[in-house]
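*Asks:* Any chance you can model this:
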Amino acid sequence: MEPDPRPEIAPDSVEPAPALSVPLSGTVTILFSDIRGFTEYTEQYGDEAAYRILREHNTTVRKQIEAFGGNVVKTQGDSFMVSFTTARGAILCAIAIQRAIGEGSATETGVRIAVGIGINTGEPIEEAGDYFGSMVNLAARICAAAGPGEILVSEPTRQVAGRMEGVEYVDRGLRDLKGFQEPQRLSEVRWLRPERQTPASDVADVDGARPETQADMGVVHDAIAVLSRVLSVTHLDDPAFRPLLECQAKATDLRLALSRAIDEDHALSMQRVEGAVRPYADLLALVTERESLEDRRWTELETAVAGAFGRQLVSAAARGRLTVSGAAGSAGAPSEPGVPPSTARASLAQLTPVPAVDPRAEDVRWWTIAHRAWGEWKASGIAWAHVLRTLLGTYPHALSVPIQESAEHADGFLAAAYLLVLEHVENLSPSFLATAVDRALGAGEGSTAPDVLGPKLYEILVTAGRLQQTYGDFVKDVLMVAVPNPGVWAEAGIVENEDATVVITRPSSIVGDAREVERRLTDERDRSVERLFTLTVPPLTTRFVWVTRGDLRSPRDVAFKLTRGGAPADQAWYVRLRTGLVVSSEPRRFGPEGVALPGLGRDHFGAWVAVFNPDPDRAAPYELSVTVTPQGPPAPRSSLFGGPLRRA
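*Replies:* Numbering: from 1, shown residues only. Prediction:
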């Protein structure tokens, strides 16, 4: 259960507060603790067993709080909110709690429980023994970010506490925390184990106590194999993806601890070995089985992995951006000897020098701007996914503007976003950019006039660069990384609430127009009508439409169908959202029969649709129908105004 942070009280609504009953000019350190997986444990073992675990946990935590001078502000279920007059006292108490729970969970109940702890230091508002304000909210969010058995502290807490004997801080970098605009720097607290404990204390016996079931060597070797496989996971777009590196650092520590325990002949508890390795096995399941997992199983794994390693890692797995090196069935040929395994969109183009912008094409602005931006990006070493999100965050309508017209938008800067297309082509045809101008000049009889060379470069891009055949794949790659965050400019959207449907459209035909027009429909007959969006898609561009849940309590069914001139069409991808920030799986292509997504608000958060035109010369008129209806009968109803469709 995530601690419920208290909202900050507006200054004008607060009566003069009594003086804080703490020293250090009102500085307080707040500690939040929370049992990880308690709800799942309750469902599996029942209320009685869960209540026994909860009592043992509460007794242990209260004992340590009292010993270190903490004050229990409040409890909620399996969560504690505690105040301390010193940051050091809070950290030492947190360490004592983790030690006591780590020992007690095996010796008293035989069931391994784990607690996440978050600590922050600041000057909150105090009223009637309770604390309020953003620093309290931050402490709660830090606790939510802590994995099982972890202690995370804010930068103020780390600075105030200073160096402590037997304690080290591991910088966990900047984290995006819900409710805070700026990323927060967090540190993990680690402590030296008592001398009698082995480096594998997380999985070994405590002080010689014998576990219920001693792990045989087969179990331990299987665990080491799982951890080794986790170390072979790579991110396709970002070889320095921090959440993955942090997960692998923990896997390395655990693998080393298990190996030392074997070498030193320490007895290991099978339950604790399996419990320690389970989050890593769950991560591998998300990575290798994401296409075949049922939604219920996916949700279970998602919850476990997010609790252990953070939601960013889950999001990367859901997008298909994580892969296991050497996994059976993985795409691509083996790396050549001496070449490291593929990581961030590795290609032969990345192993050759970046071709400079050819001065003969200087007057073809769209080409020159895009090529120069591509070269600067290649030299920077920034991951493709990061530059994609940055560009679309700045120019969300980039994919809706034909590349030859891109230099006419945003003072020419929009053309820089088309480095994404150049990278796509270069990946497919290594050295394409180094030879493109020569090819275009040859086809144009040597003319460097922009009205001659420009169209020839575009023709070479489409034919030799195979953009016409692969443009759909390019759109899929973009959709996989850019949706739902930062998102792209969309022609229309639908928000489904319990009492109303809100249809959002653009007031003009200007691409990139940020203005919106909203229509709120409350009559179910209007809400359930099949809605038709007419999309005129220029050559090699894309149009986007989305449907999401708002305040929706009763599930609704969503159906899409794409036609062109009344005939079924498949030039579209869709991606389903598991939450507002996480996709359910990689994009899927439309079929002739359309797409049915039942259970909006229950099974999924919504969907994005990308309708693309692979024709390099002619605009394509498409009709996208969207129907959102209550689950079950009655069937979709026609519009009250007589027609079978409602044009959006």
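*Asks:* which residues touch the helix or strand His386 falls within?
*Replies:* Secondary structure assigned from DSSP states H and E places His386 in helix 384-394. By CB atoms under 8 Å, 6 or more residues apart in numbering, the residues outside helix 384-394 that reach it are 237-238, 321, 344-345, 377, 398-399, 416-417, 419-420, 423, 478, 481-482, 485-488. Any C-beta I mention is one placed from the backbone N, CA and C, and that applies to glycine too.
*Asks:* For that helix, buried residues please.
*Replies:* Residues Trp384, Ala385, His386, Val387, Leu388, Arg389, Leu391, Leu392 are the ones in helix 384-394 that count as buried (16 or more other CB atoms under 10 Å).
*Asks:* Can you give me the distance of the nearest residue to the second one once chain neighbours are set aside to Ala482?
*Replies:* Yep, that's Ala385 we're talking about. Among residues not flanking Ala385 along the chain, Asp237 sits closest, at 3.5 Å (CB to CB, 6 or more residues apart in numbering). In this structure, Asp237 and Ala482 are 12 Å apart, going by CB to CB, to the nearest Å.
*Asks:* try Arg515
*Replies:* In terms of CB to CB, Arg515 sits 22 Å off from Ala482.
*Asks:* Stretch 248-267 - what's its average pLDDT?
*Replies:* For stretch 248-267, the mean pLDDT works out to 73.
*Asks:* and if you look at stretch 599-616?
*Replies:* On average, stretch 599-616 scores 94.
*Asks:* got it, and stretch 119-129?
*Replies:* Rounded mean pLDDT across stretch 119-129 is 87.
*Asks:* could you dump that stretch to CSV, C-alpha only?
*Replies:* Taking C-alpha atoms only, stretch 119-129 is exported to CSV below (Å, rounded to 0.1, in the frame of the first residue of the first chain):
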residue,chain,number,x,y,z
ILE,A,119,13.0,9.6,4.7
ASN,A,120,13.0,13.4,4.1
THR,A,121,14.1,16.4,6.2
GLY,A,122,12.6,19.8,6.2
GLU,A,123,10.3,22.3,7.9
PRO,A,124,6.7,21.1,7.7
ILE,A,125,3.6,22.7,9.1
GLU,A,126,2.6,21.2,12.5
GLU,A,127,-1.0,21.1,13.7
ALA,A,128,-2.3,19.0,16.7
GLY,A,129,0.7,16.7,16.5
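*Asks:* So which residue of this structure lies furthest out from the middle?
*Replies:* Relative to the centre of the chain, the most outlying C-alpha is that of Glu445, 50.1 Å out, by CA atoms, centre = their mean.
*Asks:* Local confidence estimate at it?
*Replies:* 90.
*Asks:* For it, grab phi and psi.
*Replies:* Main-chain dihedrals, Glu445, degrees, to the nearest 10: phi 60, psi 30.
*Asks:* Quickly note the distance from it to Gln404.
*Replies:* Taking CB to CB, one finds Glu445 at 20 Å from Gln404.
*Asks:* count of residues packed around Ala464?
*Replies:* 15 (other CB atoms under 10 Å).
*Asks:* ok, it - contacts?
*Replies:* Per CB under 8 Å, 6+ apart, neighbours of Ala464: Ser429, Phe432, Ala436, Arg439.
*Asks:* one step back: now the helix holding His386, how far from the centre of its chain.
*Replies:* 15 Å (CA atoms, centre = their mean, to the nearest Å).
*Asks:* Any chance you could list what contacts the helix or strand following that helix?
*Replies:* The C-terminal neighbour of helix 384-394 among helices and strands, as given by DSSP H and E, is helix 419-428. The contact list for helix 419-428 (CB under 8 Å, 6+ apart) reads 345, 347, 349, 370-371, 373-374, 377, 384, 387-388, 391, 398, 403, 432-433, 461, 465-467, 470, 473-474, 477-478.
*Asks:* if we can go back for a sec, got TSV for the buried residues of helix 384-394, with distance to Ala161 too?
*Replies:* As requested, these are exported to TSV (distance: CB to CB, whole Å):
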residue	distance to Ala161
Trp384	40
Ala385	36
His386	33
Val387	38
Leu388	40
Arg389	35
Leu391	41
Leu392	41
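*Asks:* Among those residues, which one lies nearest to Trp298?
*Replies:* Ala385 (22.2 Å; CB to CB).
*Asks:* Look up how far Gly320 lies from that closest one.
*Replies:* Taking CB to CB, one finds Ala385 at 12 Å from Gly320.
*Asks:* Now do the same contact list for the closest residue to Glu362 other than its chain neighbours.
*Replies:* Distances taken as CB to CB, 6+ apart place Thr368 nearest to Glu362, at 5.7 Å, with adjacent residues excluded. The contact partners of Thr368, taken as CB under 8 Å, 6+ apart, are Val357, Ala361, Glu362.
*Asks:* quick one: which of the residues you listed is most hemmed in?
*Replies:* Top of the contacts of Thr368 by neighbour number is Ala361, holding 21 neighbours under the definition other CB under 10 Å.
*Asks:* Any regions of the stretch 201-350 of the chain where pLDDT drops low?
*Replies:* For the stretch 201-350 of the chain, the stretches flagged by pLDDT under 70 are 201-217, 239-240, 261-269, 325-350.
*Asks:* now the strands for it?
*Replies:* Remark: strands assigned in the stretch 201-350 of the chain by DSSP state E, counting those that start in this stretch are 233-235, 322-324.
*Asks:* In a markdown table, list these along with mean neighbour count and distance to Asp253.
*Replies:* Below are the strands of the stretch 201-350 of the chain laid out as a markdown table (neighbours: other CB atoms under 10 Å; distance: least, CB to CB, whole Å):
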| stretch | mean neighbour count | distance to Asp253 |
| --- | --- | --- |
| strand 233-235 | 23 | 16 |
| strand 322-324 | 20 | 20 |
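*Asks:* Make CSV from the ones you listed and add distance to Gly133 to it.
*Replies:* Shown next, in CSV, are those (distance: least, CB to CB, whole Å):
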stretch, distance to Gly133
strand 233-235, 37
strand 322-324, 38
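*Asks:* out of the ones you listed, nearest to Thr59?
*Replies:* Checking these against Thr59 by CB to CB gives strand 233-235 as the closest, at 39.4 Å.
*Asks:* Direction included, what does the closest one pair up with?
*Replies:* strand 322-324 (antiparallel) (DSSP bridges).
*Asks:* Alright, that wraps it up for me.
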